[in-house]
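Colleague: I'll drop the sequence and a predicted model, then ask my questions.
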Amino acid sequence: MWIELTIALKFLRQGFAQTLLILVGIGVGVAVIVFIVTLVSGLQENIVSRTLGTQAHIKVEPQQEVNLVAPTADGEVRLVRQDERAQRLRSINNWQQVLQSLENVPTVTAASPVVSGPAFARRGQALKSILVIGIDPERYEKIISISDNIIAGEFKVSAGNTVIGSALANDLGVRIGGKLRLETGDNQAAVLTITGIFELGVRELDSRYVYLDLKQAQALLGLFGGATVIDLTVNDIFAASVVADRIDRLTALKAESWMQTNSELMNALKSQSLSSNLISFFVALSVALGIASVLAISVTQRTREIGILRAMGARRAQMLRVFLIQGALLGLSGSFAGAGVGWVMVWVFNEYGPGLFDIHPSVTIVPVAVTVATIAGVLAAIAPAWRASRLDPVAAIRYV
């Protein structure tokens, strides 16, 4: 193998211009792969983190109520025409036991009971439709960190205190320390002091969400001691659907993951991943074709040398290995240089880019890119290497 390596290095040095050109091509290709894959991964992480920054990974709630029709007797025909049953605000049966069971699920990292329902916020002549959300602040903060999004006051949810969204505060013209009257359709009302204003960055949430203490929300919505939803987070966000299916079977409740409620987002993420993979594939293909073309030219240019080596006793297998080694060396050297350039491109993006989000290369991207480029180099060298190994030494020396 030492002889083959020496000959391969000599051939690469003799065609230095061609070698340098293909190394640049490989380096550019690998740099593009590293940067594009890192950029797409960073973009996906940013989108997912922003999406999950305003919602739980899994929501567990009662199953929908359905109309029950008495069975018919034998030979009896009954024509029934009816609308779907209206869904009323209901609590999860034995939610304390359900909460404890969900906390014992190995993949669940946090669980929080929530009671939520529609209401109206009134201040003077202004009346706004809102969503009352009763929470246990300590538990809920592990699901959605509202305190990190407070722009005025503090996240203080207790009896008589509330935290509201910035858009709602602007619409009603209220500020920290002001009073807010909440009314429900059951003629329940409460006057609360605003202790904090948050901004989640989603207009719908910032204009409707009003956080209350769990017990006060239960009384306001007429669900004393109840919980309408149990919010969960899991350790693997992309396995949320699997965990939700498992909870469905365990509790007979409706468990819906963020992946189900954001199906369009999941389609977009899958499309981005597919685009990234296609770009990487075609770049790797172009790198392989570049290596193959350079080595094919090298075989043509060095036909006499190959013939002399064969006449001196070099076996076909040795000549085959010479050009395979050249392909591996080109792929390995160019990929290492390209990986370095890719890291520099990532640094430039983070330092001088648009600043919307940072991207961080995966620890596996460089070894994977280097391995792929090296394998591509070897595969691309197979055809030229086979042609070189099949040259007849006498014909190569006589006619070239």
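Modeller: Looks like it arrived, so ask away.
Colleague: can we go C-alpha only for contacts and neighbour counts from here?
Modeller: Fine.
Colleague: just so I have it, where are all the strands in this structure?
Modeller: For the chain, the strands defined by DSSP state E occupy 58-61, 108-123, 126-135, 150-153, 161-165, 179-183, 189-198, 209-213, 229-234, 254-257.
Colleague: want to throw those into JSON lines with mean neighbour count, mean pLDDT and distance to residue 171?
Modeller: Output for the strands of the chain, formatted as JSON lines (neighbours: other Cα atoms under 10 Å; pLDDT from 0 to 100; distance: least, Cα to Cα, whole Å):
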{"stretch": "strand 58-61", "mean neighbour count": "24", "mean pLDDT": "92", "distance to residue 171": "29"}
{"stretch": "strand 108-123", "mean neighbour count": "21", "mean pLDDT": "91", "distance to residue 171": "10"}
{"stretch": "strand 126-135", "mean neighbour count": "20", "mean pLDDT": "91", "distance to residue 171": "8"}
{"stretch": "strand 150-153", "mean neighbour count": "16", "mean pLDDT": "92", "distance to residue 171": "16"}
{"stretch": "strand 161-165", "mean neighbour count": "26", "mean pLDDT": "93", "distance to residue 171": "10"}
{"stretch": "strand 179-183", "mean neighbour count": "19", "mean pLDDT": "90", "distance to residue 171": "12"}
{"stretch": "strand 189-198", "mean neighbour count": "21", "mean pLDDT": "92", "distance to residue 171": "13"}
{"stretch": "strand 209-213", "mean neighbour count": "24", "mean pLDDT": "93", "distance to residue 171": "13"}
{"stretch": "strand 229-234", "mean neighbour count": "23", "mean pLDDT": "93", "distance to residue 171": "28"}
{"stretch": "strand 254-257", "mean neighbour count": "22", "mean pLDDT": "91", "distance to residue 171": "32"}
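Colleague: Tell me which of these lies nearest to residue 374.
Modeller: Among the strands of the chain, strand 229-234 comes nearest to residue 374, with 38.4 Å by Cα to Cα.
Colleague: Listing partners with orientation, what would you give for that closest one?
Modeller: strand 58-61 (antiparallel), strand 108-123 (antiparallel) (DSSP bridges).
Colleague: Tell me how far the first one lies from the chain's centre.
Modeller: Using Cα atoms, centre = their mean, to the nearest Å, the distance from the centre of strand 58-61 to the centre of the chain it belongs to is 21 Å.
Colleague: Check what contacts that strand and list those residues.
Modeller: With Cα atoms under 8 Å, 6 or more residues apart in numbering as the contact definition, strand 58-61 has outside contacts at 92, 228-233, 240, 244, 253-258.
Colleague: let's go with 6 Å and repeat that
Modeller: With Cα atoms under 6 Å, 6 or more residues apart in numbering as the test, strand 58-61 has contacts from 229, 230, 231, 232, 254, 255, 256, 257.
Colleague: any idea how far the residue lying closest to residue 103 once chain neighbours are set aside is from residue 386?
Modeller: Using Cα to Cα, 6 or more residues apart in numbering and skipping residues adjacent in sequence, the residue nearest residue 103 is residue 111, 6.3 Å away. Using Cα to Cα, to the nearest Å, we find residue 111 at a distance of 63 Å from residue 386.
Colleague: got a pLDDT number for residue 313?
Modeller: Listed pLDDT for residue 313 reads 67.
Colleague: Which positions in the lengthiest helix in the chain come out as buried?
Modeller: Determined from DSSP state H, the single longest helix within the chain is helix 263-301. Within helix 263-301, the residues that qualify as buried are 265-266, 269, 272-273, 276, 279-280, 283-296, 298-299, counting by 16 or more other Cα atoms under 10 Å.
Colleague: Run through the neighbouring helices and strands of it.
Modeller: helix 16-52, helix 365-389 (3 or more Cα pairs under 6 Å, 6 or more residues apart in numbering; DSSP states H and E).
Colleague: rerun at 8 Å
Modeller: helix 16-52, helix 316-352, helix 365-389 (3 or more Cα pairs under 8 Å, 6 or more residues apart in numbering; DSSP states H and E).
Colleague: for stretch 345-353, what is the average pLDDT?
Modeller: Here the average pLDDT along stretch 345-353 is 87.
Colleague: Give me the distance between that stretch and the centre of its chain.
Modeller: For stretch 345-353, the distance to the chain centre is 21 Å (Cα atoms, centre = their mean).
Colleague: Check stretch 366-378 too.
Modeller: The answer for stretch 366-378 is 25 Å, by Cα atoms, centre = their mean.
Colleague: cool, and stretch 124-131?
Modeller: Taking mean C-alpha positions (Cα atoms, centre = their mean), stretch 124-131 and its chain are 37 Å apart.
Colleague: One more: stretch 19-27?
Modeller: Computed by Cα atoms, centre = their mean, the chain-centroid distance of stretch 19-27 equals 33 Å.
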